[in-house]
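In: below are the sequence and a predicted model for it; my questions follow.
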Amino acid sequence: MRQNTLFGGAPLTLTNDRKIHTEVGSLVPTLSVGVEEVYREAQVTFDLVQELMPEVQHEIIRTESDLYKYLEGIKEDRVYAIDTEVDGLNPRQDRIAGICIYSPSQNPAYIPINHEFYEYNLDAIDFVRKLSELDVFSIMHTSEFDQRVLYNYAQVWVPVSLDVSVGAHMLNENEPKGLKYQWNKYCMNGKYTEKSYGDLFGGRKFSTFDPERVMVYA
């Protein structure tokens, strides 16, 4: 019998009958990748990022004041990159988990919005609406997806100046255009082992993970 806890603090016991027993009942685990396995993989990736790019410090935006400080930094930089983490592949129906944001004078940051058991989720609707009004250079990857996710969340169209998947095609039309491939090539010096979402998370929704542990993927 093995004791553990969910990151929300609820006690959890895995017994020999392969059922998870909690205070609210029993669940039969059916997913191929466990939560702790995901966290271990995230830590390996985070360590690799720190080794290859020690000057980059990832952060989570936990307060509304920090969120709007970040917005002011974007205004000064006049360029930013944005990505979304979603609980599925349907941008109109699946719930947004959080937003990844970056501008050159600031740390790459994750904005948690709908993570379960997480106390620092933010309402970023007004932030997204203010982003949509900026006359600055914006960068996305597969923008047709992220623009729809953001519209579903904040009811505004966030403009895109450069779509990285299009830029990748212009650089080399014979190479894969996926974001993981491009990140591995240009940031990780080919040292990252590419894995699909299913490989990494075993079909679990991104919002079920502690963002403090998995933000490096975002």
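Out: It's in.
In: for residue 100, helix, strand, or coil?
Out: Secondary structure, DSSP: H, G, I helix; E, B strand; the rest coil: residue 100 is strand.
In: ok, what's across the strand from it?
Out: residue 83, residue 110 (DSSP bridges).
In: what residues does the helix ranked longest in the chain touch?
Out: Using DSSP state H to define each element, the chain has its longest helix at helix 35-52. With C-beta atoms under 8 Å, 6 or more residues apart in numbering as the test, helix 35-52 has contacts from 4, 56, 58, 187-189, 191-192, 200-202, 204, 209-210, 213-214, 216-217. Every residue, glycine included, has its C-beta placed from N, CA and C.
In: now the element after that helix, going C-ward?
Out: strand 59-60 (DSSP states H and E).
In: tell me the strands beside that following strand, with direction?
Out: strand 109-112 (parallel).
In: next secondary structure element downstream of the strand it pairs with?
Out: That would be, after strand 109-112 and using DSSP H and E, helix 125-132.
In: just to revisit the earlier point, buried subset of the contacts of helix 35-52 as a ChimeraX selection?
Out: The ChimeraX selection below is limited to those of those classed as buried (16 or more other C-beta atoms under 10 Å):
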select :58,188,192,200,201,204,209,210,213,214,216,217
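In: hey, where'd the helices end up in the chain?
Out: Under DSSP H, the chain gives helices at 35-52, 64-77, 125-132, 143-154, 164-171, 179-186, 197-201, 211-214.
In: just the buried residues of the first one, please?
Out: Across helix 35-52, burial judged by 16+ other C-beta under 10 Å covers 35, 38-39, 41-42, 45-46, 48-49.
In: okay, these in a markdown table with pLDDT and distance to residue 169 next?
Out: Output for the buried residues of helix 35-52, formatted as a markdown table (pLDDT from 0 to 100; distance: C-beta to C-beta, whole Å):
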| residue | pLDDT | distance to residue 169 |
| --- | --- | --- |
| 35 | 85 | 36 |
| 38 | 84 | 31 |
| 39 | 86 | 35 |
| 41 | 83 | 29 |
| 42 | 83 | 30 |
| 45 | 81 | 26 |
| 46 | 84 | 30 |
| 48 | 84 | 27 |
| 49 | 82 | 26 |
